[in-house]
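**Student:** Requesting a structural model of the entry that follows:
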Amino acid sequence: MKLKKIASLMLAGVMAISMLTACGDNGTNDEGKGEGETVVAGYSTTFADKLGKAVTDLDHVSFKDNTADAAALQKSLNYISEQSLSVLSMERTVDSLEDKNQADVKAMVADFIDAAKISDKKIDAVDLKMDWYASNMINNTTVKDGAIYVVNGAVGADEAVKQVAAELKDNLKALPEHNTNAGTVQKYDYSYVVSVSVATKALDSTYVGASNSATFVAVTVTRTAVQG
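**Tutor:** Predicted coordinates:
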């Protein structure tokens, strides 16, 4: 009986060690180029998968959903009028809101910028390269930029996210790992968190030739700087 008890304890110990080893193997690998530091969930998973390894394998870029961004996007849709929504719903492929001139769309964008704490108070997609922030006097601070796209609701949220990923892939692939003026000033190492949020708003009534809703996709990039 005593031998059986000892054997059971030994077996339990082996199993515990095996479980710990397995957990360690499943953790994020932070060492070495090409392994990446991707942390994904929700729509950020779909977005990262569509971007591919050219972006996800970058050690200084990670992906994570942001509940504050999602809430900011949902709240901002309260500014969109029925008339503007009907126009935006016509888009069969994703289109950026950065050049939209409707007053209510501008108000919606401004509300998102404020709530999501976007640093430069605009949502130009090209700014997601973050290169401007790497070459001036704010090269040592935490900064955040973003972009918002819209598409016909019938396209579906996942497909909309994939289309946005295709639009932004080159910009995100170019995210600088260090400040570009490091030769003349203090060097800073950068890490980025890319977050994707989706919200859909329905029209009060349907109309011919389009779905009765529009899907909005917001992408934000938050950069953290550490002295190199």
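
**Student:** ok, the residue nearest to the spatial centre of the chain - contacts?
**Tutor:** Closest to where the C-alpha atoms of the chain average out (C-alpha atoms, centre = their mean) is Ser195, at 2.1 Å. Neighbour list for Ser195: Ser44, Phe63, Lys64, Asp65, Asn66, Asp69, Val219, Thr220, Val221, Thr222 [criterion: C-beta atoms under 8 Å, 6 or more residues apart in numbering]. (Each C-beta comes from the backbone N, C-alpha and C, glycine too.)

**Student:** Please flag which of the residues you listed sit within helices.
**Tutor:** Those of the contacts of Ser195 mapping onto helices are Ser44, Asp69, per DSSP state H.

**Student:** nearest to Lys100, of the contacts of Ser195?
**Tutor:** Ranked by distance to Lys100 (C-beta to C-beta), the contacts of Ser195 are led by Val219 at 16.6 Å.

**Student:** I'd say the closest one and Ala160 touch.
**Tutor:** No - if you go by C-beta atoms under 8 Å, Val219 and Ala160 don't touch, sitting 11.3 Å apart.

**Student:** For Ala71, which non-adjacent residue is spatially closest?
**Tutor:** Nearest residue to Ala71, sequence neighbours excluded (C-beta to C-beta, 6 or more residues apart in numbering): Ala115, at 7.5 Å.

**Student:** contacting residues for the one you found?
**Tutor:** Ala68, Ala71, Ala72, Lys75, Ser76.

**Student:** The third one: neighbouring residues, count only.
**Tutor:** Going back to what we said before, that points to Ala72. Look at Ala72: counted by other C-beta atoms under 10 Å, it has 23 neighbours.

**Student:** Name the SS class of it, please.
**Tutor:** Using DSSP: H, G, I helix; E, B strand; the rest coil, the structure places Ala72 in helix.

**Student:** And the pLDDT for it?
**Tutor:** Confidence at Ala72, expressed as pLDDT, is 97.

**Student:** do you know how far it is from Ile118?
**Tutor:** 9 Å (C-beta to C-beta, to the nearest Å).

**Student:** shared neighbours, those two?
**Tutor:** Phe112.

**Student:** hey, where'd the strands end up in the protein?
**Tutor:** For the chain, strands defined by DSSP state E occupy the ranges 61-63, 95-96, 143-152, 188-202, 213-227.

**Student:** pretty sure Thr152 is touching Val87, no?
**Tutor:** No, residue 152 isn't Thr; it's Asn. No - with contact defined as C-beta under 8 Å, Asn152 does not reach Val87; the gap is 11.2 Å.

**Student:** Which of those two has more residues huddled nearby?
**Tutor:** The residue with more neighbours, out of Asn152 and Val87, is Asn152; 22 against 15, by other C-beta under 10 Å.

**Student:** So what sits opposite that one in the bridge?
**Tutor:** Taking DSSP bridges as the rule, Asn152 bridges to Ala214.

**Student:** low pLDDT regions in the chain?
**Tutor:** Filtered on pLDDT under 70, the chain yields the residue ranges 1-41, 182-184, 205-211.

**Student:** all helices of it, in order?
**Tutor:** With helices called from DSSP H, the chain shows them at 2-25, 43-51, 53-56, 67-76, 82-88, 103-116, 157-173.

**Student:** Please identify the deepest-packed of those.
**Tutor:** Most buried of the helices of the chain by mean neighbour count (mean count of other C-beta atoms under 10 Å) is helix 43-51; its value is a mean of 21.

**Student:** Thanks again, I'm all set now.
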